[in-house]
Each structure stands twice: as C-alpha cells, then as structure tokens.
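>>> generate coordinates for the sequence data below:
(one chain, ligands or ions: 1)
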Amino acid sequence: MTDLARPKRPNIVLMLTDDHAAHAISAYGSVVNHTPRIDELASQGRIFSHCYCTNSLCSPSRASILTGTYSHVNGVTTLSTPIDASQPTFISQLKEAGYKTAILGKWHMGEGANYNPQNFDYWAVLRSQGEYFDPLFITEDGEQIVPGYATDIITDKAFEWVESLEADEPWCVLIHHKAPHRSWEPDEKHQGMYSDPIPVPTTFDDDYSTRTSAARHATMRIADSLTIEDLKELPPEDLDYEGRALWKYQRYMEDYLACVASVDDNVGRVMDWLRERGEFENTLTIYTSDQGFFLGEHGWFDKRFMYEESIRMPLVVSYPAQISPGPPVDQMVTNVDFAQTILECAGVPAHPRMQGISFWPQLTHSPDAPTRDGVYYRYYENDDQSHHAFAHYGIRTERYKLIYFYADGLGIAGTSGLSYAPEWELYDRALDPDEVNNVYLNPQYRQVREELKRQLWDLQAELGDTPHPSQPEPVL
Ligand code: CA
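Alright, predicted model coming up:
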C-alpha cells in the first residue's frame, strides 16, 4: 500500500574522487582548468565554499564521511589503520530504513573480513589504491579484472547496479573514483589537453621563512620529490634548478588535470543518465573529494598539512526537487557532517554516535543559520617514510588558523634521524589568505593566540579527543 501523503524518498548518488582540489574546478574559480559538467551540477544546486576535511588523508577522510565521526572515534587515523567496517555508517542507517545500497570503486580502508565494506547490498571495490587501467575489483564473489579506464568503468558499474533494482526501491550508490590520485595516469583521449603553460601559483617559491620546521622537513616539493613514475619522463638536462622545478610543475599538472577531465566527463554521464531515467529532480547528487591537494602552492604537491589548499574539499550538492540553486554556501562544514546531512535529507534518523552537524537546513529552509565556530583538524601520521610531514592538530575559525605540530615522540629521532620540539603556527587569514606569514610569536596576536588555544582545548574535549601530553593546558 502506498502512502500518498509521504513524499517520495530521494535516491542518493555520492561521487567521491581522490585528491581533487576545489581550486581545480571552474565553479570554484579555477585558473588552471575548466570543468563544464561539475559546473553544470553546481548550477543546478549549491556549492560550499568552506568545506573541510578533519584529517587530510585518503583513508581517514573516507572513514569520517561514512561514519560521521572524527578519526579518534572511527579509528582510521592513518593509511595503515583499517576500518572496523561493522561500525554504524550512514549506509547502515539507510539500509535499515529500506534503502538499497552499493559502493563501486575506491574503498581503501583495509581488506579482509573485518575491513571489507559492510551493509552494502552490493560492492565492487578496487584493491588498495587500485589501477587506472584495467582495474582489478574485489567483490563478495571474488576478484575481477575489467579492461578499460577506471573512471569510466566505476561509473558503468554504478549504472549497471542501479538498473538491476526493482523500480520502487529507493537507492544510494557511492561512486568512488581513484582519480585524480597519484600517479596521475590520464585516459588516452585526455592526453595532451593541457599542453599550454599552466599558470604557476604565487606561492610556488615559498621559502617557509616564518614557518616552523615542519614545512622544511616535509618531502612534498615539486622541485625535489616527484618521482620518475609521477613525471613519466626526465626533465631536460639543460635546465637549472628553477627551470626544472617549473618543468616538473607543468608535467605534473598536465596529467593531474587530464585525470580531472575524465572525472568531469563522468559527472556529466551521471547527470545525463539520471535525466534519461527521469530521476535527476528527485536525486540527491553530491560531488566531493576526500581532501584538497597542493597544486604547486608553497612549492608542493600532496596534502596532509592543515594549510588551506590541503584541507579544503570541493562540495557540490544538487537535489532540484528540494534545493533551489543559489550562491555558494559560506558557512564552515566538514566531512564529518556529510552522514547526518544525507540522512536528514532522506528522512532517516542519524546514529547517536555520529558527531557532525547536518547542513541540510542551510540547503533548504535556513540558508543563514550558523554552523560551527571552529573546525577541528588532526593529522596523525608522523614523519612517514614518503612525505615526512609531522603530526599536528589545530583549529580553523572564520578568521584564524592555529596549528600545533606536536612532534609525536618528543625528543625521539624521526625517520630522518633528527629530533624536533613541538612548535606552533598561527595565521591571520583576513590579512594573509595564502598563509605565508606565521604570526604565532608576534606580540600583537598574543591575546588571539591564547584565546584560540583555549577554543581548541575545549573543542577537543567536546569531541572526545585528547591533547598531546606535550601541550600545557591553556592559561585562559
Ligand atoms: Ca585522497
């Protein structure tokens, strides 16, 4: 028996890419590429200008999105801490409420009985990071190699699964791409798209002069740390150091942006397919990525650091039946908020363990409602073998960013053989949006600094995290 008074529950498509920075989307003002299909989705709904991940790394961000919790609660703090997949997620809540659910593509939160996807009616996921070409999928029925390009195949698989369902069942499909993750291998049809010189960011030559040792210690410099596998060819020998750095930037960006072009095509395919099915209006369609990425800012590639380019996520949300197009949503939201937002949209209760704040009101009936005063961030990997970024935590408010590099294992040499003491950084984003001028020791910021330390301390307590033992309790 149907209940005519009850609105039809939305179908849900979550497209999650890997390492796609918001500043490589033209709807976000990109100066390096054009993404017509993501822009089209944005024009049908809303984009978020201040969406942040709470731990800028693939596995942790995925776990936060799925569970609606911070890393210290879901346990996925690093790339080597697999998820206990039995924990509550927005998927388990949807499934309990009668949704059909599936995930296709990148999982990357562990493999094996305890770590494989749970509460999905169907899953076919890449092994670990997965392959760009002829990817191998793991399913409940075993492994399968599918010839072709991963971004297209993952989309195809989502279509196939939805088309296999009974027409009256609401469904939720997670389309999780590998792209545009390292090692940036474009589809043949997108190679050569970006042969013109790509604009170089103004902070490309950042010398880290006001920063703590963390930035200097990290090995994420385009000039020094990209490998032959990343670049696919060696730079011309007649170039000097700076010339080689710029050559590598161009080479890196050509492939990165070509991988994004395939993602953009596939966002378009999803919209076209939904329209053909007559379901675009009644589908919550989300485009996002697990974190941001440095595209030459501060001389870097990669993510990890709490600096803006790394933690800012693209977030585009469309649901024409319920969400009117409008200007960018300006309030601060995080990846921890996605689960409760999706559930509220679907009219399904959140799990009490979830720690986010639904931003459904901001998309519908309360566009100006405040969200949160400060975003809590924590990066747990410390001085890892490949990137050598130090563990840190901090808070981002509307104006400021306070970061504590706590140098886990204080006084103990990291993998480099050096040891570091804890260090703080403070950025006044109103005056320094590029975050190049650390004002932590500037006496004019003493009051601000101490207030932020208190805010961070209280936020940690509120979220159930524990300050590092090296941090004294704030004086305020
Ligand atoms: Ca990622």
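>>> all contacts plus neighbour counts: C-alpha atoms, from now on.
Noted.
>>> could you report the neighbour count for Pro469?
Here the number of neighbours of Pro469 (other CA atoms under 10 Å) works out to 10.
>>> likewise for Leu463?
Around Leu463 there are 15 other residues, counting by other CA under 10 Å.
>>> same question, Ala245
Other residues near Ala245 come to 22 when the count uses other CA under 10 Å.
>>> and it, what helix or strand is that in?
With elements taken from DSSP states H and E, the one containing Ala245 is helix 241-276.
>>> now for that helix, which elements pack on it?
Judged by 3 or more CA pairs under 8 Å, 6 or more residues apart in numbering; DSSP states H and E, helix 241-276 is in contact with helix 36-44, helix 150-163, helix 222-225, helix 228-231.
>>> what's the following helix or strand after that helix?
Proceeding N to C from helix 241-276, the next assigned helix or strand is strand 283-289, under DSSP H and E.
>>> check whether the helix or strand following that next one contacts the ion.
From strand 283-289 onward toward the C-terminus, using DSSP H and E, the following helix or strand is helix 308-311. No: using CA under 5 Å from the ion as the criterion, no contacts between helix 308-311 and the ion are found, and the smallest distance is 10.0 Å.
>>> CA atoms of helix 308-311 as CSV?
C-alpha atoms of helix 308-311 as CSV (Å, rounded to 0.1, in the frame of the first residue of the first chain):
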residue,chain,number,x,y,z
GLU,A,308,44.0,25.7,3.2
GLU,A,309,44.7,24.1,-0.2
SER,A,310,45.1,20.7,1.5
ILE,A,311,42.1,20.7,3.9
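>>> per-residue confidence averaged over that helix?
Helix 308-311 shows a mean pLDDT of 98 in the predicted model.
>>> next secondary structure after that helix?
Beyond helix 308-311 toward the C-terminal end (DSSP H and E), the next one is strand 312-313.
>>> show residues contacting that next one.
Applying CA atoms under 8 Å, 6 or more residues apart in numbering, the contact partners of strand 312-313 are His20, Ala21, Ala22, His50, Cys51, Tyr52, Cys53, Thr288, Ser289, Asp290, Gln291, Gly292.
>>> tell me how far the first one lies from Ile91.
To tie it back to what came earlier, the one meant is His20. His20 sits at a distance of 23 Å from Ile91 (criterion: CA to CA, to the nearest Å).
>>> who's more crowded, those two?
Neighbour totals were compared for His20 and Ile91, and His20 leads with 29 against 25 (other CA under 10 Å).
>>> give the contact list for the more buried one.
Residues touching His20, when contacts are defined by CA under 8 Å, 6+ apart, comprise Ala179, Pro180, His181, Val260, Ser289, Asp290, Gln291, Gly292, Phe293, Met313, Pro314.
>>> ok, so of those, who is nearest Thr219?
Among those, Phe293 lies closest to Thr219 (CA to CA), at 14.7 Å.
>>> ok, the closest one touching Met306?
No: taking contact to mean CA atoms under 8 Å, the distance of 10.9 Å between Phe293 and Met306 leaves them out of contact.
>>> the more surrounded of the two?
Neighbours per residue, other CA under 10 Å: of Phe293 and Met306, the larger number sits with Phe293, 31 against 26.
>>> quick one: secondary structure of the residue of the stretch 101-250 of the chain found nearest the ion?
Per CA to the ion, the residue of the stretch 101-250 of the chain with the smallest distance to the ion is His181, at 6.6 Å. For His181, the assignment made with DSSP: H, G, I helix; E, B strand; the rest coil gives coil.
>>> tally of neighbours for it?
By the other CA under 10 Å criterion, the neighbourhood of His181 contains 21 residues.
>>> again, but for Pro236
Pro236: 10 surrounding residues under other CA under 10 Å.
>>> what distance do you get for the closest residue to Ser26 other than its chain neighbours to Phe293?
Counting by CA to CA, 6 or more residues apart in numbering, Ser26 lies nearest to His34, which is 5.1 Å off, once chain neighbours are set aside. Using CA to CA, one obtains 17 Å as the distance from His34 to Phe293.
>>> same check, this time on Ala124
Note on Ala124: its distance to Phe293, by CA to CA, is 26 Å.
>>> just to revisit the earlier point, the helices and strands packed on helix 241-276: which one's closest to Asp207?
Each of these was scored for nearness to Asp207 using CA to CA, and the closest is helix 222-225 (12.7 Å).
>>> make JSON lines out of the helices and strands packed on helix 241-276 and add mean pLDDT and distance to Asn266.
What follows is these, written out as JSON lines (pLDDT from 0 to 100; distance: least, CA to CA, whole Å):
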{"stretch": "helix 36-44", "mean pLDDT": "98", "distance to Asn266": "8"}
{"stretch": "helix 150-163", "mean pLDDT": "98", "distance to Asn266": "7"}
{"stretch": "helix 222-225", "mean pLDDT": "97", "distance to Asn266": "29"}
{"stretch": "helix 228-231", "mean pLDDT": "98", "distance to Asn266": "24"}
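>>> export these as JSON lines, with columns for mean neighbour count.
Conversion of the helices and strands packed on helix 241-276 to JSON lines gives the following (neighbours: other CA atoms under 10 Å):
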{"stretch": "helix 36-44", "mean neighbour count": "20"}
{"stretch": "helix 150-163", "mean neighbour count": "19"}
{"stretch": "helix 222-225", "mean neighbour count": "19"}
{"stretch": "helix 228-231", "mean neighbour count": "15"}
